[in-house]
Each structure stands twice: as structure tokens, then as C-alpha cells.
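S.K.: sequence and computational prediction follow.
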Amino acid sequence: MTLTPAQYTRVAYVALGALTLIVMTGAAVRLTGSGLGCPDWPSCYGKPYPPINSHALIEFSNRLITGPVCIAAGLAWVLAYRRRPYRRDLMWLGALLPLGVVAQAVLGGFTVRGALDYGWVMAHFALSILIIAAAVTLVWRASHEPGERPRSFDRVSVWMVRALVPLAALTIVAGTAATAAGPHAGGSPGQKINRLTFDGRGTMDFVIHRHAEIGLVFGLAAVAVWWWLGRRPLDPPVHGAVTWICCLMAAQGLVGIVQYETRLPTELVWVHVGLACAVWIATLWAAAAAGQLSPDRARAERGVGSAAKSLA
């Protein structure tokens, strides 16, 4: 069996959706206080199945979802070999997905064995956004043949869009720190969880406000890039992706304010996580849509610089 480029692109989209879904189910485990529903790993209370207990069932269900997610990720890798025309770059990118899921499962085991220590939990989510980055890259590259899109000569615009990626990553990492210091430790009442703390009860407020400030900088930067791109000749998909970033960040800011004022209800925190995933995907998509710079322009700029130096 061979796949056309369009068929393989659909496979890549399914893998991206599955990898995003497991982030959301993992957040649900944490927010329902079910992180230690099964206090051991890979078994649950020493058995291959969970007891009839809501926390155990929720936590074990998230483990089970890893199976279909791993299959979707594995198919993105295996079917890259069957795509025609064959492309090695898609094969290597596809391989990152099942490897990432396996690493995530192992890290999840360490997180449980570490009694949901905040360091393990933050690393768990950080690995998730890296896997999503690989999946978004796979989808983008699978959707476009090499050389199909012309390289850009607009160096400033391309680098402005690219700069949004580390800002988005920093905002998300700060968000994981805010969660690590907040009330949703992932354990049920009575379970002692090692939380992020360096200033006693003031830690949570400090981290949340720093997260909000970083998010504000990212949002303002996205609006500035959106305004700049509206006056430049870049492809419409780039401007459209940045528009999505601005809209999602506006929604994210509103949810963040409401959840802070209402003392972080679990439902709003879960929505906040979902919006974070959407912002991350939109930012990566914008960077991919911005494309690569033309080497001809780069050589021309170096030539002009050399000529200027020789005249001086």
C-alpha cells in the first residue's frame, strides 16, 4: 500500500490532533486531583487494572489513551515510508512522534513515582509542547513539496514572526511554573505534594504575576507583528496565522483574569491549558508559513557589505 501526499498529510493531522488531545486529558487528570489515583506505575495498586475509584479510573484512563496516541504517532512514522514520492525529511520527523510519546510515558512514570513533584510535572508538560512542535512541523512539511513555496526576501518580517516562537515558549513555561505554585497540585485532598515555593504563600502570586507580564509582552509583540505584516508583501497565510495568535491571546488573557479573580476554578484552568496549546500551534504555524529567507538575497547583502567595506 502506498499513500499520496494528500493522504499522508491527513495522517499527520490525525497525529497532531492525538498528541494535543493527550495534553488535555493529562491536564484533566491533574485538575481533578487524580494525579496519584494510581500511586505506582505501570501497574495500578500492584494490579494491571484500576480499582473502582474515581481518581484511579481517571488516572488509568489517561494511561490507556496513550495507546491510541502512540498508534497515531507510529503510523505517522511508518506510513512516511509508504508515501510516494518518498521524502526522508518526513520519515525523520515522523520518527520523533512515537519516540516522544514513549519518552512521555516513561517521564509520566517518573512523575508518579516522584509523587507529582513540581519539577517532574513541569518537565512532563515541557516535553508535550516539544512533541507538538515536531507534529506541527511534520504537518506543515507534509502539506508542501520542497521548493513549492518561494523563499522570502523580507528578512525583517520573517525574523519578527520567528521571534514569536521563543516568546510563546517562555510564556508557556512560566505558565507551568504558575500551575506548579498554585492549588492544583494533582493530588487528592490529604495527599502531600511538593509544590514550587520560595516565598511561602507569596510564591503563587509572584509567579502568576510574572506569567501574566510575560504573556502581556508576548501578546503585544504578536499585535505589533500583525500590524507590521499588514503593510508587507508576505503571503496571506502568515498574516492569517498571526491574526489567530492575537485572537487566541486576547481570549487567553480574558480567561486568565477571570480565573485569577475567581480563585482558579478547575474548569477555567483546563480551558486555559487548551488555549495555550492552540496559541503554541498557531505560533509554530506562523513561523512555518513565514518560510525561509532567500539565499540569493543573503549573498547579495553580503556582497553589498563587502563592496562598502572595500570603498571605505
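M.R.: Great, that's in hand.
S.K.: buried set for stretch 224-236?
M.R.: Using 16 or more other Cβ atoms under 10 Å as the test for burial, stretch 224-236 gives Val225, Trp226, Trp228, Leu229, Leu234. Using the backbone N, CA and C atoms, a C-beta is placed for each residue, glycine as well.
S.K.: TSV for those, including pLDDT and distance to Gln292?
M.R.: As requested, the buried residues of stretch 224-236 are exported to TSV (pLDDT from 0 to 100; distance: Cβ to Cβ, whole Å):
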residue	pLDDT	distance to Gln292
Val225	96	18
Trp226	95	21
Trp228	92	19
Leu229	91	17
Leu234	63	13
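S.K.: tabulate these (a markdown table), appending distance to Asn194 and secondary structure.
M.R.: Formatted as a markdown table, those follow (distance: Cβ to Cβ, whole Å; DSSP: H, G, I helix; E, B strand; the rest coil):
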| residue | distance to Asn194 | secondary structure |
| --- | --- | --- |
| Val225 | 39 | helix |
| Trp226 | 41 | helix |
| Trp228 | 44 | helix |
| Leu229 | 44 | helix |
| Leu234 | 47 | coil |
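S.K.: so which of these is the closest to Ala142?
M.R.: Comparing the buried residues of stretch 224-236 against Ala142 with Cβ to Cβ picks out Leu234 as the nearest, at 22.1 Å.
S.K.: buried sites along the helix or strand harbouring His211?
M.R.: Following DSSP states H and E, one finds His211 within helix 202-229. Neighbour counts over helix 202-229 (16+ other Cβ under 10 Å) mark 203-204, 207-208, 211-212, 214-215, 218-219, 221-222, 225-226, 228-229 as buried.
S.K.: the following helix or strand past that helix to helix 202-229, inter-axis angle?
M.R.: On the C-terminal side of helix 202-229, the closest following helix or strand by DSSP H and E is helix 236-261. Between helix 236-261 and helix 202-229, the angle comes out at 160 degrees (axes from the mean of the first three to the mean of the last three Cα atoms, to 10 degrees).
S.K.: which SSE is the residue nearest the centre of the chain in?
M.R.: Nearest to the mean C-alpha position of the chain, counting by Cα atoms, centre = their mean, stands Ile129 at 3.0 Å. In this assignment (DSSP H and E), Ile129 forms part of helix 118-143.
S.K.: equivalent analysis for Leu96, please.
M.R.: Taking DSSP H and E as the criterion, Leu96 maps to helix 88-113.
S.K.: tell me the domain boundaries of the protein?
M.R.: Split into domains by automatic domain parsing, the chain comes to 1-144, 152-302.
S.K.: which of those has the lowest mean pLDDT?
M.R.: Lowest mean pLDDT within these: domain 152-302, a mean of 86.
S.K.: distance between that one and the chain's centre?
M.R.: 10 Å (Cα atoms, centre = their mean, to the nearest Å).
S.K.: what does stretch 21-40 give?
M.R.: On the basis of Cα atoms, centre = their mean, stretch 21-40 sits 18 Å off its chain's mean C-alpha point.
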